[in-house]
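Chemist: dropping the sequence and predicted coords here.
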Amino acid sequence: MIAIVLIATINTKAQNKIKGKVLEISKNGEEIPIIGANVYWEGTTIGTATDLSGSYSIQEATSFPATLNVSFVGYTLDSKETIDNKYIFYMRPSIELDEVKVKGKVNTTKVSTINPINIQTLSTGELEKAACCNLSESFSTNATVDVTFTDAVSGAKQIQMLGLDGIYTQITQENIPLIRGMSSSYGLSYVPGTWIESIQIIKGSGSVINGFESFTGQLNLEYYKPESAPKLFWNAYVNQEGKLENNLLFTKQNGDWQSNLFTHISYFDKEIDRHGGGKAEDGDDFIDVPKTKQVNILNRWKYKGNPNYGMQLVAKALIEERLGGQSSTVSENNRYIVDINNSVYEIFTKTGFIQPNIPGKSIGLQTSFRKHNQTAIFGENHYKGRQESAYLNLIRQTYLGNTNHILKYGMSYYADRFTESFDGNIDTPFSDKIRVDLMTGIFSEYAFKWKESLNLVAGIRSDYYNNTEEINYLPRLNIKYNPTEQTAIRLSAGKAIRISNVFVENASFLATNRQIFVGELTPELAWNYGINVIHCFKLFGREGTINADYYKTEFENQVIVDVESQGELSFYNLDGESFASSMQFDVIYELFDRFDIKMAYKLNDVQATFDNELRMTPLTPKERALINLSYATNFEKWKFDITANYIGESRVPLHDDLANHTQLIEDMSNPFYLFNAQITKRFRHFDLYVGGENLGGYFQENPIIASSNPSSDDFDASLIWAPIQGRMFYLGFRYKIK
Amino acid sequence: MRHKIIITIFSILTINAWSQTQTAQIMTSAQCVADCCKERIEEEMQFTKGVTAVNLDVESQILTVTFKTKKNSVEKIREIISGIGYDADDVKADKKAHDKLPECCQNPDFDKPKKE
């Protein structure tokens, strides 16, 4: 941050005191004293504050070389100079409510050896490797977050982290909740890839500041900001089947109010039925991808006019329709229809205050209000839901003595009202059933830094949940130690809680004729422990990174999704053991100039107690591996990228035997490979790209069980472990005016 | 004033006769928040004829450009930088271009009398 090494010899006539000033240079060039700025020797408790004239006097450091630091919240150091033995610091205002800002120039995926928390940042360059289309595809070149296939009819994709479903990962937008409740099943497709500036992936239990829901980690995405986005950005995409996407981003950068306007339209209106009936080019009367229409808008306003105060407001709106199921070749009377409609309206704000005369103290307030309506029809199953949410998070930051001891504390409030109706394969259909969830929490976190090499972040939250009338204490601890400058060892442990919403979170299982049983469900609780070792090395003069980690999640309570019995879908509280352990190795190395290679291997062991029997969680691959090669010519005028994914076998629960329909079998899926490739040509104002997904053309041959008779009890479109579509080519362009 | 009072005019030239390339260091007036002027200048240079390497050091505001002498010259490159809206050694920034820049990329000292 703000660090100046004073190599200068200290004047002995200065009576063991160092004097100077801290000044701000205003826009018209005036020098304004900064009152109350903190001037201190780094790593010590020796510090002082500036007086009314901006002057300070601090005793000499006790050991050399010493670093004199200056800090004043809301300001960053601009420059410094020495006049007559006085050390003058010039500051400039910088209100940055956005905590993380990382740029990836060389490596598009950044791993840190400094942060106490295991965090990876995916920059625009990495996100562009998957040119299509939304957040769910953003992880196709990343080994930590896995993209999984959900069902054969809705086109939804889900993620998994550390072997557990995406619901156990806290997904936030600029640290404000993004995917919760109603948005669990299709929410990843609500964020167009071109809106995202970067994504941070936090593995293991992170900070308590951002909420109580991070079991396996946190994914935080940052949209383009008014100050960093191009004035105009236009992206259009088309794939071989005729899916169209159009993204337009505008930015207003001048003045006290800066603004972004993002728009997204995607459109796909063809019935394609090439797969599903066994071998290639053999349909099953079910269309492979649903017909989709989406309109999505985001508008941000950011106020930058006052150095003591910063504010931004983001408004979002989305409408989406998905139409799938049997094609129009099937007579309308007994056609199996999938019709999913979503509309989401949301406003979120971020406000930051600085108290001018009190150094190092700031307050940040985040709020969010959302209304989400969903109707989902899967044949006989009809679901209707509404979620109205309010969220508030107040964070205060201060430090004790010096910035080696940072203290954050605050309170949060989550209010959700769910109104749900369901009719279909259930004993007791319900209509407009209301549930109100109120989570009121307080939290505090202490971060300690010792000599650059040891960091400790210890936090605790306590959240009161109205429906159980219980206070849940969630401690979290992160420790990082650097044995050498190139190596970091991290340990983390923490607890998380969430409230499940079984119908929306398991929408893929509604694409079956399973009879649904819902027990009395209580909040899910789990501990997560992990260790991570990262080492940066130099080989033949080129830098590389090697990473190894092991994480384990142990549930105290979990809502078990039981599809073990044919024709049944049951939700009940865990009775017994449930855990997920995940081990991962990564190597990143630049083989020659601008040619990067990334390799990763992951081993998952995920088990839960299903009806008194500890079993492997179904449809969760045991092994995964990834190789990504990327090459760019000078100035990245041409970029080439190829990724190979290996997806190991997973357990497919009891289902109708395709070879012999009279019996049921339980088996393992086939391991398979997926290949994606992309070529980008960069021109002065625009990029042109072409690419292909699933180049090997691997697909699950019979994804829908009993597809010829969707009214039969055996019908099941949810046992999906591989793509249901074959090879797919696309092309698109990006046009930018900066 | 803390700002660099004397804008030193200097171009350190190294000519590599072998590959007919030349590396020039040009003092620019690119002082901006974030890296937006860095991106702007570097991107323009990347699409300038003959340029094979470019780097703008934000702190010193010195732009280092390597280019093929057959295809370009220091004089022309200075003109291009002026055309983006920044001073390049003794070539002053094009005022129109400068005023069009986003606020964060503009030079705070621009158009103000230089204090000596």
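Modeler: Right, received. Where do you want to start?
Chemist: how about the helices of chain B, start to end?
Modeler: B:36-46, B:74-84, B:95-100 (DSSP state H).
Chemist: residues near the one residue in the stretch 201-350 of chain A that gets nearest to chain B, how many?
Modeler: In the stretch 201-350 of chain A, the residue that lies nearest chain B is residue A:253 (4.1 Å; Cβ to the nearest Cβ). Every C-beta, even on glycine, is put in place using the N, C-alpha and C of the backbone. Other residues near residue A:253 come to 21 when the count uses other Cβ atoms under 10 Å in any protein chain shown.
Chemist: let me see the contact set for the closest residue to it other than its chain neighbours.
Modeler: Distance criterion Cβ to Cβ, 6 or more residues apart in numbering or on different chains; nearest residue to residue A:253, sequence neighbours excluded, is residue B:102 at 4.1 Å. Residue B:102 is in contact with A:231, A:253-254, A:738, B:36, counting by Cβ atoms under 8 Å, 6 or more residues apart in numbering or on different chains.
Chemist: repeat for residue A:141
Modeler: Here residue A:141 is in contact with A:126, A:129-130, A:598, A:626, A:628, A:641, A:643, A:676 (criterion: Cβ under 8 Å, 6+ apart).
Chemist: which residues does the residue most central in space within chain B form beta bridges with?
Modeler: In chain B, the C-alpha nearest the mean C-alpha coordinate belongs to residue B:28, at 4.1 Å (Cα atoms, centre = their mean). Judged by DSSP bridges, the bridge partners of residue B:28 are residue B:88.
Chemist: likewise for residue A:442?
Modeler: Beta-bridge partners of residue A:442, as defined by DSSP bridges: residue A:411, residue A:462.
Chemist: same question, residue A:664
Modeler: residue A:656.
Chemist: any idea how far it is from chain B?
Modeler: 60 Å (Cβ to the nearest Cβ, to the nearest Å).
Chemist: tell me, how many residues neighbour that residue?
Modeler: 15.
Chemist: these two touch, right, it and residue A:652?
Modeler: No. Applying Cβ atoms under 8 Å, one finds residue A:664 not in contact with residue A:652, separated by 11.4 Å.
Chemist: show me the strands in the stretch 201-350 of chain A, by range?
Modeler: A:217-223, A:232-239, A:244-252, A:257-268, A:291-306, A:309-325, A:337-354 (DSSP state E, counting those that start in this stretch).
Chemist: could you list the low-pLDDT ranges of chain B?
Modeler: Applying pLDDT under 70 to chain B flags residues B:1-19, B:32-35, B:104, B:108-116.
Chemist: that older thread, which pair in the contacts of residue A:141 spans the largest distance?
Modeler: With Cβ to Cβ as the measure, no two of these lie farther apart than A:130 and A:598, at 14.2 Å.
Chemist: could I get the contacts of residue A:141 as TSV with pLDDT and neighbour count?
Modeler: Formatted as TSV, the contacts of residue A:141 follow (pLDDT from 0 to 100; neighbours: other Cβ atoms under 10 Å in any protein chain shown):
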residue	pLDDT	neighbour count
A:126	78	24
A:129	77	26
A:130	72	23
A:598	93	21
A:626	94	22
A:628	94	24
A:641	93	25
A:643	94	22
A:676	93	23
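Chemist: residues of chain A that sit close to chain B?
Modeler: A:25, A:27, A:29, A:78-79, A:81, A:90, A:92, A:94, A:103, A:227-228, A:231, A:253-255, A:634-635, A:637, A:683-684, A:738 (Cβ under 8 Å from any Cβ of the partner chain).
Chemist: give me the buried subset of those.
Modeler: A:25, A:78, A:90, A:92, A:94, A:227-228, A:253, A:635, A:738 (16 or more other Cβ atoms under 10 Å in any protein chain shown).
Chemist: okay, now residue 76: neighbour count?
Modeler: Going with chain A. What residue A:76 shows, counting by other Cβ under 10 Å, is a neighbour count of 15.
Chemist: um, chain B though
Modeler: Residue B:76: 13 neighbours (other Cβ under 10 Å).
Chemist: still on that earlier bit, now, which of the contacts of residue B:102 sits nearest residue A:485?
Modeler: Distances from residue A:485 to those, taken by Cβ to Cβ, are shortest for residue B:36, at 31.2 Å.
Chemist: pretty sure the closest one is touching residue B:105, no?
Modeler: Yes. With contacts counted by Cβ under 8 Å, residue B:36 reaches residue B:105, the gap being 4.7 Å.
Chemist: partners of residue 57 in the sheet?
Modeler: Looking at chain A here, since you left the chain open. residue A:19.
Chemist: sorry, I should have been clearer: chain B.
Modeler: Counting by DSSP bridges, the residues bridging with residue B:57 are residue B:62.
Chemist: burial measure for it, as a count.
Modeler: 13.
Chemist: so what's the nearest residue to residue A:634 once chain neighbours are set aside up against?
Modeler: Closest residue to residue A:634 apart from its sequence neighbours, by Cβ to Cβ, 6+ apart: residue B:52 at 6.6 Å. For residue B:52, the contact set (Cβ under 8 Å, 6+ apart) comprises A:634, B:21, B:66-68.
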